[in-house]
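**Student:** pasting the sequence and the predicted coordinates here, then a few questions.
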Amino acid sequence: MKKSLIILMIIILLAAGGWFYYQNQQQAETTDYITVQDTELIESLRASGIVKPHKTIQISSTIAENIENIKYEEGAQVQKDEVLLEFDDDLAQADYEQALAQLNSARASLEQTEASIEESKAQIGLAQTKLENAKEINDESLLVEIEQAELEIQNALDELERRQYLYENNAIEKIKVDNQQHQVNILKLQKKTLEKRLIELRKSRDNRVKEAKEELKRAEVSYQAAQKQYLVSEENVNSAEAAVNRAETNLNKYKVRSPIDGIILDKFVEEGEYVQPGVTLLTIGSKNLQIEISPDEKELNLLSVGKKGYVSPEAYPNREFEVEISSISSNVDPERGTIDVYLKPLEGTELLIPNMSVSVEIISEKREEVKLIPQNYVQEDNNSRYVFKYNNGTAIKQNITVGENYEDQVIVEQGLSNGDLVLNPQGLQDGQTVVIEE
């Protein structure tokens, strides 16, 4: 009986030893760990974004007509004032040409009226010259001659009277009296001739003055009529110019031009299609591009105008371009709880095209010499937190002070140093033997 008891105790001891050996073997299995190192902590917001033009314009039809020609397709780059689309403009072109012909006719009439005004001015000037010349006809020389003739006649009469006296006193022959009488008659005849010439001169002067006045009056009447006609012709030109402008404005409606330098984003019509006023023809976006993201409103504290970040187009996943927040919407979408944020590319714009999808990372804060460990390595006991630190093959419980979480990691503020090995706590106990792969 004693012998059997001894054998049973030996078996129990062997079994216990085997169990402890098994447990030690289990506990000594390789354990995961991390090495504590100071690192740079970059707090950022990650989001998906869409490349959009900074400005988008919808171009609508202002007329009802058939589309004759569409010059650009979607994705084409265009310059400001380039013709994008043309309507059938035959009728509008005919109206414009007719208005232009009427304008040319009105201008020709105006030029003719201007010529008439100049001609009337010239006629007035000529008539005024004639009038001045007529008024300047001088009769003084004739008056002097007549006065001289009167003196000569008086002298001749005196001489005749003297000779008559001498003849009556038999001092001279009668022939001398007759000769003197003849001389008196000649002088009187000369005076009458001069007086007749004076009358004719004055009559001619009066006639010429009268004619010049009548000619001046006719010229002034012509000038006034030409001025009135000029006003009419000028009004006709103004009306014709207005008609041409209206026709040209209407004709321009048949050619749709680009309002900006940009890119054709959408085309909603086809050649030959008949459209009504107000129908959207094209959408054009500016060449200046921006990136739109719509993060959750809870992340608004990470964002502010001027903060920089990076985008990576899905089409070029290995390329990364710097961006800057240019504006943040002042309204939150009430249905989605998001807010629209717009980023300005600082580089790489040659690879960006409208509606391209991009990945965005906005850098919120950079912190130097931060110790990060996985959150699942941190244990909690009685409101204190600790980790298992490796020490010469043993897991040692180490209390720590932690800060804020960062994604799936936590910042360790106190309790750990650079180079410490922190063990994965799964299945570990304080003082347990561990094996790590270094």
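**Tutor:** That came in fine, so what should we check first? Quick caveat: nothing in here was measured; it's all calculated off a predicted structure.

**Student:** CA atoms for contacts and neighbours, from now on please.
**Tutor:** Will do.

**Student:** roughly how far does Tyr33 sit from Tyr386?
**Tutor:** 15 Å (Cα to Cα, to the nearest Å).

**Student:** kindly report the same for Pro295.
**Tutor:** Distance, Pro295 to Tyr386, by Cα to Cα: 35 Å.

**Student:** count of residues packed around the spatially closest residue to Val83 that is not a sequence neighbour?
**Tutor:** Distance criterion Cα to Cα, 6 or more residues apart in numbering; nearest residue to Val83, sequence neighbours excluded, is Arg257 at 4.3 Å. A count of nearby residues for Arg257, using other Cα atoms under 10 Å, gives 18.

**Student:** what do you get for Glu335?
**Tutor:** 6.

**Student:** quick one: pLDDT of it?
**Tutor:** pLDDT for Glu335: 89.

**Student:** so Glu145 is in contact with Glu195, correct?
**Tutor:** No: counting by Cα atoms under 8 Å, Glu145 sits too far from Glu195 to count as a contact (9.3 Å).

**Student:** sheet-wise, list the partners of the strand ranked longest in the chain with their directions.
**Tutor:** Criterion DSSP state E: the longest strand present in the chain is strand 357-374. Its sheet considered, strand 357-374 pairs with strand 38-53 (antiparallel), strand 308-313 (antiparallel), strand 409-414 (antiparallel) by DSSP bridges.

**Student:** just the element for the closest residue to Lys397 other than its chain neighbours, please.
**Tutor:** Sequence neighbours aside, Phe388 is the residue nearest to Lys397 in space, at 4.7 Å (criterion: Cα to Cα, 6+ apart). For Phe388, the host element (DSSP states H and E) is strand 384-391.

**Student:** please name every helix or strand in contact with that strand.
**Tutor:** strand 379-381, strand 394-406, strand 421-423 (3 or more Cα pairs under 8 Å, 6 or more residues apart in numbering; DSSP states H and E).

**Student:** partners of that strand in the sheet?
**Tutor:** Partners of strand 384-391 in its sheet, by DSSP bridges: strand 379-381 (antiparallel), strand 394-406 (antiparallel), strand 421-423 (antiparallel).

**Student:** list the buried ones in that strand?
**Tutor:** Neighbour counts using 16 or more other Cα atoms under 10 Å place 386-390 of strand 384-391 among the buried residues.

**Student:** I'd like the residues you listed laid out as CSV, including distance to Glu152.
**Tutor:** Formatted as CSV, the buried residues of strand 384-391 follow (distance: Cα to Cα, whole Å):
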residue, distance to Glu152
Tyr386, 161
Val387, 161
Phe388, 164
Lys389, 164
Tyr390, 165
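
**Student:** follow-up on the earlier one: comparing the helices and strands packed on strand 384-391, which comes out most buried?
**Tutor:** A comparison of those by mean neighbour count, using mean count of other Cα atoms under 10 Å, puts strand 421-423 on top with a mean of 22.

**Student:** quick one: mean pLDDT over that strand.
**Tutor:** Mean predicted lDDT for strand 421-423 stands at 88.

**Student:** over to stretch 108-119?
**Tutor:** Per-residue scores along stretch 108-119 average to 93.

**Student:** distance from the chain centre to the helix or strand harbouring Thr129, please.
**Tutor:** Of the helices and strands defined by DSSP H and E, Thr129 is found in helix 90-135. Its chain's C-alpha centre and that of helix 90-135 lie 41 Å apart, by Cα atoms, centre = their mean, to the nearest Å.

**Student:** ok, now which ones touch the residue nearest to Lys397?
**Tutor:** By Cα atoms under 8 Å, 6 or more residues apart in numbering, Phe388 lies in contact with 395-398, 422-425, 428, 430.

**Student:** of these, closest to Leu131?
**Tutor:** Within those, the smallest distance to Leu131 is 127.0 Å, found for Val422 (Cα to Cα).

**Student:** residue contacts, that closest one?
**Tutor:** 33-36, 377, 387-390.

**Student:** which residues does it bridge with?
**Tutor:** With DSSP bridges as the rule, Val422 is bridged to Ile34, Lys389.

**Student:** got it, and Glu324?
**Tutor:** Lys308, Lys344.

**Student:** that one against Val360, yeah?
**Tutor:** No: counting by Cα under 8 Å, Glu324 does not reach Val360; the two are 10.8 Å apart.

**Student:** which neighbours do these two have in common?
**Tutor:** Common neighbours of Glu324 and Val360 (Cα under 8 Å, 6+ apart) are Gly309.

**Student:** on that earlier part again, highest average neighbour count across the strands paired with strand 357-374?
**Tutor:** It is strand 308-313: most buried of the strands paired with strand 357-374 by mean count of other Cα under 10 Å, with a mean of 22.

**Student:** coming back round to it: output the contacting helices and strands for the helix holding Thr129.
**Tutor:** Using 3+ Cα pairs under 8 Å, 6+ apart: helix 90-135 touches helix 174-252.

**Student:** residue furthest from the geometric center of the protein?
**Tutor:** Asn170 (125.2 Å; Cα atoms, centre = their mean).

**Student:** kindly state the pLDDT recorded for that residue?
**Tutor:** Value for Asn170, per-residue pLDDT: 89.
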